[in-house]
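[1] The following block contains a protein sequence and its predicted model.
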Amino acid sequence: MNIVKKIEEGKSSIDELENLLEEKNPIVLYHAMTHIGKESIHTEEIIKKLSGLSLKREPQDKLLGHYKVGDLAIATMIKLGEKESEISGFKILDDFEKKMVFRLFEEVEW
């Protein structure tokens, strides 16, 4: 079964979703993170991996349009109830980048 379809149908286990956060494919990452946010799947391992992903801000970390993998990781952590001030990737953003994260947060269909 296609990974993205499996995620969308809610057939991925929490362990599988945790492992998918190590994927290099931005489409798989997008679907894994949005599903985690939508279903409010909050585990220590997921938060740890999202925290690592929140620092991915380089050109090769492009996700959709102007957004980077780090932007969606931060938005997902906020959706899961993490405090912005405690998200390592959020603290290093300038005001424009922070606005972009909030715009992405609003655009995602949680």
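    Received it, and whenever you're ready, just let me know what you need. Numbering: from 1, shown residues only.
[2] CA only for contacts and neighbour counts going forward, please
    Fine.
[3] list the contacts for the residue most central in space within the chain?
    When Cα atoms, centre = their mean is applied to the chain, the residue found nearest the centroid is residue 73 (2.8 Å). Counting by Cα atoms under 8 Å, 6 or more residues apart in numbering, residue 73 touches 33, 50, 51, 53, 54.
[4] so what secondary structure elements neighbour the helix or strand where the third one lies?
    I take that to be residue 51. Assessed by DSSP states H and E, residue 51 sits inside helix 44-53. Helices and strands touching helix 44-53, by 3 or more Cα pairs under 8 Å, 6 or more residues apart in numbering; DSSP states H and E, are helix 14-20, helix 69-79, helix 88-91.
[5] Dump these into TSV; add mean pLDDT and distance to residue 104 as well.
    Shown next, in TSV, are these (pLDDT from 0 to 100; distance: least, Cα to Cα, whole Å):
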stretch	mean pLDDT	distance to residue 104
helix 14-20	97	21
helix 69-79	98	7
helix 88-91	93	13
